[in-house]
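>>> Quick one, structure for this:
(chains A and B)
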Amino acid sequence: MSVAHRLARRAVFGALLFLSLGLKAEVAARYDVNANAVVVCCFQATTVLSTEIESGEIQLRHASSATGRSMLFTATRNADVLRLSPRFRLKAGEEYVVGVNMSSMEAPVFARFTIDKRENSSPRVLSVSPTAAQIPENTLRLYLTFSEPMARGQARDKIRIENSAGQTIADPFLNLATELWDNSQRRLTLLLDPGRLKRGVGPNVRAGTPLNGNQTYTLIVSGLMESAEGVEIGKDESKIIHVHTAERRAISPQRWHIESPPSNSKSSLTVTFDRIMDAGMLPRMIQLVDAHGERVDGHVSINDRQWTLAPKRPWSAGPYQLLVDSQIEDIAGNSLHAAFDSKRVNFINSGSINTPDGLFAVRQIRIQ
Amino acid sequence: MQKLNSLISVSALIMASMQVALAAGSPLKSAGALAFDSDNVLFVGDSKAGVVHAFDLNDKHLSDQADYRLGRAQTFEGRTILNGLDREIAAQLGVEPHDVEINDMVVHKATRQVFLSVHRGHGPNAEAVIFAVNKGKLELVDLGTAKHTKTSVGPVPQNETLEFGQPLNNLAITDIDYHKGEIIVAGISNEEFSSKLRRIAYPFTGDVQTTSVEIWHAVHAQYETRAPVITQTIVELEGEPTLIAVYACTPVVRIPLEDLKDGAKVRGTMIGEMGFGNTPIDIIQFTNAWDKSDNVLVTNTNRSAAQISLGALATADPMPHGTGVKPVFSVAGVEQHAMPMSGTLHLDTVDDTWAVVVRQSPEDPRNIQLHTLPMPFFFDRADHVVEMNWADGPDPFGYKSAPPIEYN
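Sure, this is the predicted structure:
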């Protein structure tokens, strides 16, 4: 085969590969998922495979790819079988095409193959936090938890809030380029636009708070929202949100109600908040230490309004301290330092302690 | 004979088309914000791992692009380096273009080479890769062969959280900037509303200085104690290294770098306002080669890009604040000049003459382009309906007599 002939053949190879839909598959290819290898076999008996395989003689592509580029892979030949190891795993449910065009062959051959896809279950919305029946008008943050890992890039189009008349609220969430998922991509943080929550500020004056007191809204997650595996939820999921008055006070642990268990018991200690707290951060914001400063070991359960500790060992009589991390926020972004939209900043003072782990407010507790 | 050979169990390792062998096990769990130091170190923000990686690239990764023509600045003609950037990437990754996320772009100044951080897929197991552009071709960067270090910037998982299962808090790293031996990292937490900036010396020592920044927000007419920084750059203002930060909706804030000390709470000086209903994308520093002035350029989601001179940044008065100040609704404060850029997704400069953007094509927003723009106006004549492009239009600068550009 002349060099010119070979070059010409190479040039049409890419184009042929793209158009291979109508061509007869002359070889067979399958994907070994466990080994991440494409096995190409069953060449016709007359086909001659080269001993030395040159660059560009084999192409592996996503079937829909309109470019002339192959995926990245390495290849080995073992007798009449070619084994391609792609740099990236082939994607379940997608169709790929492999083409072989060796100088030793009379004509290029192709095979199309589809990667098996197991039927993944449809994702569901497991919970919306806060779970409380009523939330304040200036709620800053909502958390949605899904049953499956979800795909990024859908939050803006697939999640909306409607008022009781069925009208969609315009731009209720902060317009961020990045979506705020946890690492498993099961929990999504929705930040209501802080500019619309702060009283008297531009967006607030122009458009008002996204949610208004004494109104009922519906948070709707579109049935078109997809899991990371590309499976849609199927039908819209909604949660009714009753909105009441704004919460505009800084957090004060002194206002929390604490039910102290009796000493020598293993009854739970329960802290009841005076408002809905941010349930996302709550697990890592509160701890109980004993008179020696040792953390009390036990099982902690939380909800929007309560923190409960079931101790492993019976309570001793005497003082304990509830340590509240200074970064704690309630549902409206109010902190220990200040209310979210106040210009007065009250750094926590009396009763706070500064440790290598940060600044904590302290609530004294005595077990009798 | 060949057939006979093939029947014998021979196994020959071959490579497909252009690729090189790739070391297994990339340290990237995700790849977002990118920055280079003054040499060959590529910083990669990895929000998922809660770290910033530093890869000391070498000749295996870097390829000089000095001979690659970027356009003709004299006639305001940029070059489309790649059309269908997402499709080109998708082809190499073996997925459809909608499964490709281009997260950031940075130019290695010494070689003029463009680097991109990319995710393959949108799920939690999306693979994170870095591509380099070599003479108009995309090449996967083999980070396994670069000297690698990293520093933690995100939440540190604590044992305490384990009783609730995996910790869910996470810091989305929005920007990284290098300045004289250190990086400044900004990010948005998914559980806290905060404005912490992290200042980290490179080479990494494990030390991270965290500063909470409080700013006066004119639009809000309040003390905005907490709001996440979206993009930032470090400039020298009258000899003083200064952080210029742009926030979500969209104050421009000036903070002397020396104020960013560990544990400090500083109050940045708000000197400008880029307007309501808008989010910044990138801020970059550049020198205007025509008048030698130093400037920054801020690209925006909902407004044209804005140029601000360093002189104006240095001397701008703080915006009025305190009781009785009326909220500002439009562009205000430090003097800004609108620049005619639209559809810009990522921006960096190559030198004082050329910027490079990842953008939606002005003619077809579905076409994601890697394109160059002549500076200092970031203006490509072909993108705009201007009289001088018309066949019978005026030609005061002799554009039409210029010969067609021959691209290599």
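
>>> Only C-alpha atoms from now on, for both contacts and neighbour counts.
OK.

>>> was I right about A:N334 contacting A:S326?
No: look at A:N334 against A:S326 with Cα atoms under 8 Å: they stay out of range, at 11.2 Å.

>>> who's more crowded, these two?
A:N334 (25 against 22; other Cα atoms under 10 Å in any protein chain shown).

>>> Per-residue pLDDT of that one, please?
At A:N334, the pLDDT value in this model is 90.

>>> roughly how far apart are it and chain B?
Distance of A:N334 to chain B, computed by Cα to the nearest Cα, to the nearest Å: 10 Å.

>>> which regions of chain B lie under the pLDDT threshold?
B:1-25, B:156-166, B:214-226, B:249-250, B:275-277, B:319-332, B:385-388 (pLDDT under 70).

>>> Okay, helices next: where are they in it?
B:2-7, B:85-93, B:310-315 (DSSP state H).

>>> Check those helices for me and report the most buried one.
Of all the helices of chain B, helix B:85-93 carries the top mean neighbour count, a mean of 24, counting by mean count of other Cα atoms under 10 Å in any protein chain shown.

>>> CA atoms of that one as PDB?
Extracted C-alpha coordinates of helix B:85-93, given in PDB (Å, rounded to 0.1, in the frame of the first residue of the first chain):
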ATOM      1  CA  LEU B  85     -14.900  23.200  23.200                       C
ATOM      2  CA  ASP B  86     -17.300  21.100  25.200                       C
ATOM      3  CA  ARG B  87     -17.700  18.700  22.300                       C
ATOM      4  CA  GLU B  88     -13.900  18.300  21.800                       C
ATOM      5  CA  ILE B  89     -13.500  17.600  25.500                       C
ATOM      6  CA  ALA B  90     -16.500  15.200  25.500                       C
ATOM      7  CA  ALA B  91     -14.900  13.200  22.600                       C
ATOM      8  CA  GLN B  92     -11.700  12.600  24.500                       C
ATOM      9  CA  LEU B  93     -13.600  11.700  27.600                       C
END
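
>>> and that helix with chain A, contact?
Yes: Helix B:85-93 reaches chain A (Cα under 8 Å from any Cα of the partner chain) through B:87-88, B:90-93.

>>> so where's the longest strand in chain A?
For chain A, the longest strand by residue count, based on DSSP state E, is strand A:358-367.

>>> And the contacts of that strand?
For strand A:358-367, contacts defined as Cα atoms under 8 Å, 6 or more residues apart in numbering or on different chains pick out A:253-254, A:260-263, A:315-326, A:348, A:351-354.

>>> From those, keep the buried residues only.
A:253, A:260-262, A:315-316, A:320-326, A:348, A:352-353 (16 or more other Cα atoms under 10 Å in any protein chain shown).

>>> Now flag whichever of the residues of helix B:85-93 next to chain A is closest to B:L138.
B:E88 (7.6 Å; Cα to Cα).

>>> Contacts only, for the closest one.
B:E88 touches A:67, A:69, B:138, counting by Cα under 8 Å, 6+ apart.

>>> neighbour-wise, which of those leads?
Neighbour-wise, those (other Cα under 10 Å) top out at A:R69, 22 neighbours.

>>> Among the residues of helix B:85-93 next to chain A, which one lies nearest to chain A?
B:Q92 (4.2 Å; Cα to the nearest Cα).

>>> Give the bridge partners for the residue lying closest to A:A133 once chain neighbours are set aside, please.
Leaving aside its sequence neighbours, A:A133 sits nearest to A:H242 (Cα to Cα, 6 or more residues apart in numbering or on different chains; 6.4 Å). Beta-bridge pairing for A:H242 (DSSP bridges): A:Q134, A:T216.

>>> Tally up the residues packed near A:H242, please.
There are 19 residues near A:H242, going by other Cα under 10 Å.

>>> Just give me how far stretch B:258-269 sits from the chain centre.
Here the centre of stretch B:258-269 is set off from its chain's centre by 24 Å, with Cα atoms, centre = their mean, to the nearest Å.

>>> make that stretch B:176-192, sorry
That offset, for stretch B:176-192, works out to 13 Å (Cα atoms, centre = their mean).

>>> same check, this time on stretch A:251-260
Per Cα atoms, centre = their mean, the centroid offset for stretch A:251-260 relative to its chain is 33 Å.

>>> What residues sit buried inside the longest strand of chain A?
Result for strand A:358-367 [16+ other Cα under 10 Å]: buried residues A:359-363, A:365-367.

>>> B:T349 and B:I283 touch, don't they?
No: contact status for B:T349 versus B:I283: not in contact, 10.9 Å apart, counting by Cα under 8 Å.

>>> Strands of the stretch 251-400 of chain B, start to end?
B:251-256, B:265-273, B:280-287, B:294-300, B:305-309, B:332-333, B:337-339, B:344-349, B:354-360, B:368-374 (DSSP state E, counting those that start in this stretch).

>>> wait, which of those is closest to B:A146?
strand B:344-349 (23.3 Å).

>>> so what strands line up beside that closest one?
strand B:354-360 (antiparallel).

>>> what does the partner strand rub up against?
Under the criterion Cα under 8 Å, 6+ apart, residues B:70, B:73, B:105, B:342-350, B:366-375, B:378 lie in contact with strand B:354-360.

>>> Distance from that strand to the middle of the chain?
With Cα atoms, centre = their mean, you get 11 Å for strand B:354-360.

>>> Could you export it as PDB, CA atoms only?
Taking Å, rounded to 0.1, in the frame of the first residue of the first chain, the C-alpha atoms of strand B:354-360 are listed here in PDB:
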ATOM      1  CA  TRP B 354      -4.100  39.200  24.400                       C
ATOM      2  CA  ALA B 355      -6.900  37.900  26.600                       C
ATOM      3  CA  VAL B 356      -8.400  34.400  26.200                       C
ATOM      4  CA  VAL B 357     -12.000  33.600  27.000                       C
ATOM      5  CA  VAL B 358     -14.200  30.500  27.200                       C
ATOM      6  CA  ARG B 359     -17.400  31.900  25.900                       C
ATOM      7  CA  GLN B 360     -20.700  31.300  24.200                       C
END
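
>>> Just want the angle from it to strand B:368-374.
Angle, strand B:354-360 to strand B:368-374, by axes from the mean of the first three to the mean of the last three Cα atoms, to 10 degrees: 150 degrees.

>>> neighbours of A:I220, just the number please.
Considering only other Cα under 10 Å, A:I220 is surrounded by 17 other residues.

>>> Counting neighbours, what do you get for B:D383?
15.

>>> Please apply the same query to B:V213.
The number of residues packed near B:V213 is 23, by other Cα under 10 Å.

>>> again, but for A:E294
11.

>>> Next: A:E57.
18.

>>> Then B:K265?
That count, for B:K265 with other Cα under 10 Å as the rule, works out to 17.

>>> so who does the residue lying closest to A:F73 once chain neighbours are set aside touch?
Leaving aside its chain neighbours, A:F73 sits nearest to A:P86 (4.0 Å; criterion: Cα to Cα, 6+ apart). For A:P86, the contacting residues are A:36-38, A:71-74, by Cα under 8 Å, 6+ apart.
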